[in-house]
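Chemist: I'd like to go over a predicted model; first the sequence, then the structure.
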Amino acid sequence: LIVLSNNFARSEWCQFEMTLAQKHVLNRAMEPLSVVLLEDIDSENMSNSLHALLKTTTYITWYNDIEYIHLFWDRLKNSLI
């Protein structure tokens, strides 16, 4: 599970961990990563690898709205099963 935010995108360590997780999934023929987009990522924080991840992976968007909370948790649960 990867939770993406602008703080994550600015962190070289988080970017490194994301790359390792992607390689681990590919090398082990595992299910794809579950990705949560906590907030829109500013373009100045968007690395090439993060951009590629968002273009090629279905991600779940977090909405800070009570109407969408149950939908978010249902989608996350289904992505992890």
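Modeler: Yes, it's here.
Chemist: Which residue ranges of the chain form strands?
Modeler: Using DSSP state E, the strands of the chain run over 2-4, 35-37, 59-61.
Chemist: wait, which of these is closest to His70?
Modeler: Nearest of these to His70, taken as CB to CB: strand 59-61 at 12.8 Å. C-beta here means a position set from N, CA and C on the backbone, and glycine is covered the same way.
Chemist: For the residue nearest in space to the middle of the chain, which residues count as its bridge partners?
Modeler: When CA atoms, centre = their mean is applied to the chain, the residue found nearest the centroid is Val35 (2.9 Å). Beta bridges link Val35 to Ile2, Tyr59 when assigned by DSSP bridges.
Chemist: that older thread, just put the strands of the chain in TSV and tack on distance to Ala52 and mean pLDDT.
Modeler: As requested, the strands of the chain are exported to TSV (distance: least, CB to CB, whole Å; pLDDT from 0 to 100):
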stretch	distance to Ala52	mean pLDDT
strand 2-4	13	93
strand 35-37	12	94
strand 59-61	13	94
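Chemist: how about those strands, which one is nearest Phe72?
Modeler: Going by CB to CB, the one of the strands of the chain nearest Phe72 is strand 59-61, 6.4 Å.
Chemist: list the buried ones in the closest one?
Modeler: 59-60 (16 or more other CB atoms under 10 Å).
Chemist: now do stretch 62-71
Modeler: For stretch 62-71, by 16+ other CB under 10 Å, it's Trp62.
Chemist: how long is it end to end?
Modeler: Length of stretch 62-71, first residue to last, CA to CA, to the nearest Å: 10 Å.
Chemist: Could you pull up the mean pLDDT of it?
Modeler: Average pLDDT, stretch 62-71: 90.
Chemist: does the residue nearest to the centre of the chain really touch Leu4, like I thought?
Modeler: Yes - using CB atoms under 8 Å, Val35 makes contact with Leu4 at a distance of 6.4 Å.
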